[in-house]
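Novice: I'll drop the sequence and a predicted model, then ask my questions.
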Amino acid sequence: YLLQVETGDLGDVYKIRVSCDDVPGFEGWHLKSFHLEELHTKQELNFDCYCWLALNGEDKELVKEFPAVNEGQKTLPVYKYLVSVHIGDCWGAETFANVYINLYGRRGDTGVRKLQTSLAGGRRFQRNKVDSFLVEAVSLSHLQKVVIGHDGEGYGAGMYLKMVTVRESQDSDKEWVFPLWNWLDTHLGLCETVCEIGTV
């Protein structure tokens, strides 16, 4: 496909983020590559993709990030960040709502990601449980904050969140901690379903 998009100055483009909507009957999309060209300067950027965006595929993801691949320039690494959500041990702490997160670092953010496939198995976001998720993104460098929230779906959708912890990979020793120890609820604690948490 060939598309022409008008934008303001994008600065140095080092990655792109591609996403699909989860509509009924959508079987997925296989993306081979992206080629961008600035029409005035003729500057070109290439992105090698070779992946499926599908909920029934290997990654079960509808959002993907790709680093720019250009001769003479360093290509940034892609990490599968290990994001762990720690639910509290008080009555009603669990939620059946859909939970979303956005990781922010010195090199941008991941965009809003739905946390849907827990490595721990079983029901997600239950009382006194830690659920871990893989969030694939081009390297963010040092993490600074997260924005986490839920859509309020279901009865008693509020949840008590102790903290979020993030590692660059499942094998990494480096861990960022984002403590909250509060409710994400329309009537309790912060009286909000979304909050921003800085690292300690």
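Specialist: Looks like it came in fine.
Novice: now the residue in the chain sticking out farthest from the centre: how far from Ser141?
Specialist: Most distant residue from the mean C-alpha position of the chain: His40, 33.2 Å away (Cα atoms, centre = their mean). When Cβ to Cβ, to the nearest Å is applied, the distance between His40 and Ser141 equals 30 Å. Where C-beta positions appear, they are placed from N, C-alpha and C, glycine not excepted.
Novice: next one: Val69
Specialist: Val69 is 19 Å from Ser141, by Cβ to Cβ.
Novice: between the two, which is the more surrounded one?
Specialist: Val69 (13 against 10; other Cβ atoms under 10 Å).
Novice: which of the helices or strands spans the more buried one?
Specialist: According to DSSP states H and E, Val69 maps onto no helix or strand at all.
Novice: so who does it touch?
Specialist: Asn46, Phe47, Asp48, Thr75 (Cβ atoms under 8 Å, 6 or more residues apart in numbering).
Novice: and the residue positioned nearest the centre of the chain, bridged to which residues?
Specialist: Geometric centre of the chain, nearest residue: Arg113, 3.6 Å, by Cα atoms, centre = their mean. Beta-bridge pairing for Arg113 (DSSP bridges): Ile101.
Novice: okay, now the domains of the chain?
Specialist: Taking automatic domain parsing as the criterion, the chain consists of the domains 15-75, 79-198.
Novice: endpoints of the last one, how far apart?
Specialist: This means domain 79-198. 21 Å (Cα to Cα, to the nearest Å).
Novice: ranking the domains of the chain by burial, who's on top?
Specialist: Among the domains of the chain, domain 79-198 has the highest mean neighbour count (mean count of other Cβ atoms under 10 Å), at a mean of 17.
Novice: average pLDDT across that one?
Specialist: What domain 79-198 shows for mean pLDDT is 96.
Novice: of all the domains of the chain, which one is nearest Glu6?
Specialist: Of all these, it is domain 15-75 that lies closest to Glu6, at 9.7 Å by Cβ to Cβ.
Novice: residue ranges for the strands of the protein, please.
Specialist: Along the chain, counting by DSSP state E, strands occupy 15-19, 29-37, 44-53, 63-67, 78-87, 99-105, 108-109, 113-114, 130-138, 143-150, 159-167, 175-184, 194-198.
Novice: list the helices and strands the third one packs on?
Specialist: It stands for strand 44-53. Packed against strand 44-53, as judged by 3 or more Cβ pairs under 8 Å, 6 or more residues apart in numbering; DSSP states H and E, are the following elements: strand 15-19, strand 29-37, strand 63-67.
Novice: mind running it again at 6 Å?
Specialist: Judged by 3 or more Cβ pairs under 6 Å, 6 or more residues apart in numbering; DSSP states H and E, strand 44-53 is in contact with strand 29-37.
Novice: residues making contact with the strand it packs on?
Specialist: Cys20, Glu44, Leu45, Asn46, Phe47, Asp48, Cys49, Trp52, Leu53 (Cβ atoms under 6 Å, 6 or more residues apart in numbering).
Novice: what angle do it and strand 15-19 make?
Specialist: Interaxial angle, strand 29-37 versus strand 15-19 (axes from the mean of the first three to the mean of the last three Cα atoms, to 10 degrees): 140 degrees.
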